[in-house]
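Student: Just need the structure, nothing else, for what follows:
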Amino acid sequence: MRISFLIGGPQGRGVETASFMFIYGVGSAGYYVYARREFWSNIAGGRHSYVVGTISDRWPAPAPGNSVELALTFDGHAVLEHVFHLMRGGYLVYNTEEDSKTPDSYPMMAKPLAERLKHFAKGQGFEPTVRNFVEYLRQSGVEVVGLPYNKHISEIGRKIGVASPVMLARFVNTFVVALGAALLGLDEEYVARGVGFALGKKADVIEQNKKVAAEAIKLVGKKMTTIQPRSPGVKRIFWNGNEASAYGKVVGGVRLVAYYPITPATDDAMVFERLIPFPVGKDAGELAKLERIGAMAFQAEDELAAVAITTGGAIAGARSATVTSGPGFSLMSEALSMAGMMEVGIVVTLWMRAGPSTGQATRQSQQDLFFSLFIGHGEYPKIVYASGDLEEVFLDNIRVANWAERYRVPVIHLVDKNLSNTFAVMPLPDPSNLKVQTTPPVVYPQTKEAEAYPLEEVVPPKLLPGVSNAIFHLNSLEHDPEGDPEEDPVVVTKMFEKRMQKLKLIESEIPPEEKVLYFGPADARRVIVGWGSTKPAILTALEELKDVGFLYVKMLYPYPVDLVRRYLEGREALFLENNYFGQLAMITRMFAGVVPTAVAVKFNGRPITTDDVVEAYRKFEAGQKTIKLESDL
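Tutor: Alright, predicted model coming up:
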């Protein structure tokens, strides 16, 4: 079972709350949900925002495409925004009180979109009113449920004893969700659960909204389907990408997160902070005697300070991470080079967004791959690793924390805005097979001077101030094994080579299945190659694209040359990326010598969808070498 949906309306007017009600309500009936949120960077003020997703009785739930079966809209702006996103046979729920409005009635509508809508209406021979666009949809095979929202909400308000215009206006999100639930045949009980979840601890408000939902459900006399309650048989969680990342840090042993607020990274650090102090399980070994474990989230004055504090925390012995996005990452360049020279292991969780500069602060891209590979002056070993779905975001946070400590290198964990604003009801990930691997510090029986960088050890010993009984120097200047500044060419060569040997150690120790994954027929003649959050869309598209393989690259540096060559040798390869240059395709050519057969890119600030993947592949099949994807959902 698969149902695609969209909930849209004015930004700052409860669209996200409505989405939480809807997703949680459906999830509490035993179903899985995969959805993402799109919104403008000026959060309030009437701009349009929406959540688009799929409901499924299996996991992973299909990734969204370019159209939906059910659109729940708050206002006429939302109808106009998504008039081309509804499937034939789908259902539109809208407010008939907006019928006479046109694109010009919505001053916060993007002017290019308003002009496109008016041009389309003129070509179709009708005035560009909401009513006429709804009629166009009806004639195109879309079922329409049109109701005067404010009239019905006022009547419901009288029934439940609420007359305040402010309070009545706040019922719109619940009203719209209830209409959608009625179309899905979802019982009132599950809508009430969603209301309770979304509205928190406000008991009186929750009860009022439950009554609104119960009355609204009665207004819909048709159903598009009937969702029967079911038992999924597994423990599940409802979370987003930022939350998955924060929980991964907690489980992965991170005890310091230093950051400066930036979209879409801030919530990662703030969720981590809200979880402090962390509970301790009964199976936590010697830690089980503790009820809670402390940690620190530190909001620095800027990103330069954040990465410096993170480095200091790691030197002191704490697993340390910083979270940021492109502009903040730019400011971390010098300090990351310093950490590389000093051989301090830190994690940078980089939530990519559309650039350059401030760019589109709340929109999707994979534009920072090149930057991550080559950030910082000089040459030094690092790891660049990408996650593609929420389970990976959680588990990979444990991996990268392990690697930062094991190899004493900066580890750049690539995630993105799409993952940040992905909301899922999904099976609870099981980290039991992924252990937190710590390196015990060296402790001398008596205080002594110690070599911080012995030549015979690829990874230096773990010396901790105040713990190791050692006098030692960590130096950002080129140095000798004692950590003292040194520019003798022989020593410089030895120290440089010792640091860079970590790359070979990393390549040899990290298992192949943590570097790349292959899906599909082993003998497929054509292979789609992708990384990061393109993964769910590509996997969903493979259900339609038969005899096609998918090479999913997670380890981006050091690049898994032999593995990539093994999977792509003798095959036609379509690289699919959310950036302009096709950056993975370029580094694959650079490192592995594999020339892509075709490259498909999307760089308009929207994620690659399932339909995008199918479109790109069909053009690839037809012989097109450079493919630009332009869908807008």
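Student: And the strands in the stretch 451-600 of the chain?
Tutor: Assigned by DSSP state E, counting those that start in this stretch, the stretch 451-600 of the chain shows strands spanning 470-471, 516-519, 526-530, 548-553, 555-557, 572-577, 598-601.
Student: do the same with the stretch 51-200 of the chain
Tutor: Under DSSP E, counting those that start in this stretch, the stretch 51-200 of the chain gives strands at 68-73, 86-95, 143-147.
Student: Nearest to Lys289, out of these?
Tutor: Across these, Lys289 has its closest neighbour in strand 68-73 (50.7 Å, CB to CB). All C-beta spots, glycine's among them, are computed from the backbone N, C-alpha and C.
Student: ok and that closest one relative to strand 86-95, angle-wise?
Tutor: 20 degrees (axes from the mean of the first three to the mean of the last three CA atoms, to 10 degrees).
Student: closest to His413 out of the strands of the stretch 451-600 of the chain?
Tutor: So among these, strand 555-557 is nearest, using CB to CB, at 10.6 Å.
Student: average model confidence for the closest one?
Tutor: If you average the pLDDT over strand 555-557, you get 98.
Student: Over to stretch 33-48?
Tutor: Mean pLDDT, stretch 33-48: 87.
Student: now do stretch 534-550
Tutor: Averaging pLDDT along stretch 534-550 gives 97.
Student: circling back to that earlier point, JSON lines please, covering the strands of the stretch 451-600 of the chain and showing mean neighbour count.
Tutor: Shown next, in JSON lines, are the strands of the stretch 451-600 of the chain (neighbours: other CB atoms under 10 Å):
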{"stretch": "strand 470-471", "mean neighbour count": "16"}
{"stretch": "strand 516-519", "mean neighbour count": "16"}
{"stretch": "strand 526-530", "mean neighbour count": "24"}
{"stretch": "strand 548-553", "mean neighbour count": "23"}
{"stretch": "strand 555-557", "mean neighbour count": "21"}
{"stretch": "strand 572-577", "mean neighbour count": "25"}
{"stretch": "strand 598-601", "mean neighbour count": "24"}
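Student: Any idea which of those strands gets closest to Ala305?
Tutor: strand 555-557 (26.0 Å).
Student: before we move on, the earlier item: how about the strands of the stretch 51-200 of the chain, which one is nearest Trp40?
Tutor: Using CB to CB, the strands of the stretch 51-200 of the chain put strand 68-73 closest to Trp40, at 16.9 Å.
Student: State the helix or strand in which Ala314 lies.
Tutor: helix 303-316 (DSSP states H and E).
Student: Would you mark the buried spots in stretch 428-447?
Tutor: Neighbour counts over stretch 428-447 (16 or more other CB atoms under 10 Å) mark Pro429, Pro431, Leu434, Val442 as buried.
Student: again, but for stretch 155-172
Tutor: Ile156, Gly157, Val162, Leu168, Arg170, Phe171, Val172.
Student: shouldn't the fourth one be in contact with Lys159?
Tutor: Translated: Leu168. No. Here Leu168 lies out of contact with Lys159, judged by CB atoms under 8 Å, at a distance of 12.0 Å.
Student: Filter the buried residues of stretch 428-447 down to the ones in strands?
Tutor: If you go by DSSP state E, the buried residues of stretch 428-447 have nothing in strands.
Student: Would you format these as a markdown table with pLDDT and distance to Leu505 included?
Tutor: Formatted as a markdown table, these follow (pLDDT from 0 to 100; distance: CB to CB, whole Å):
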| residue | pLDDT | distance to Leu505 |
| --- | --- | --- |
| Pro429 | 97 | 28 |
| Pro431 | 95 | 25 |
| Leu434 | 94 | 20 |
| Val442 | 97 | 19 |
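Student: Which residue ranges make up the domains of this structure?
Tutor: 2-217, 239-427, 448-509, 516-628 (automatic domain parsing).
Student: hang on, the earlier thing: could you export the buried residues of stretch 428-447 as JSON lines, including distance to Lys218?
Tutor: Output for the buried residues of stretch 428-447, formatted as JSON lines (distance: CB to CB, whole Å):
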{"residue": "Pro429", "distance to Lys218": "40"}
{"residue": "Pro431", "distance to Lys218": "45"}
{"residue": "Leu434", "distance to Lys218": "49"}
{"residue": "Val442", "distance to Lys218": "72"}
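Student: out of the residues you listed, who's nearest Val280?
Tutor: Out of the buried residues of stretch 428-447, the member with the shortest distance to Val280 (by CB to CB) is Pro431, at 15.2 Å.
Student: Let me know whether that closest one touches Asp396 as I believe.
Tutor: No. Counting by CB under 8 Å, Pro431 stays clear of Asp396, with 10.8 Å between them.
Student: shaky segments in the protein?
Tutor: 43-46 (pLDDT under 70).
Student: Centroid-nearest residue for it?
Tutor: Taking CA atoms, centre = their mean, the centroid of the chain lies closest to Leu419, which sits 0.9 Å from it.
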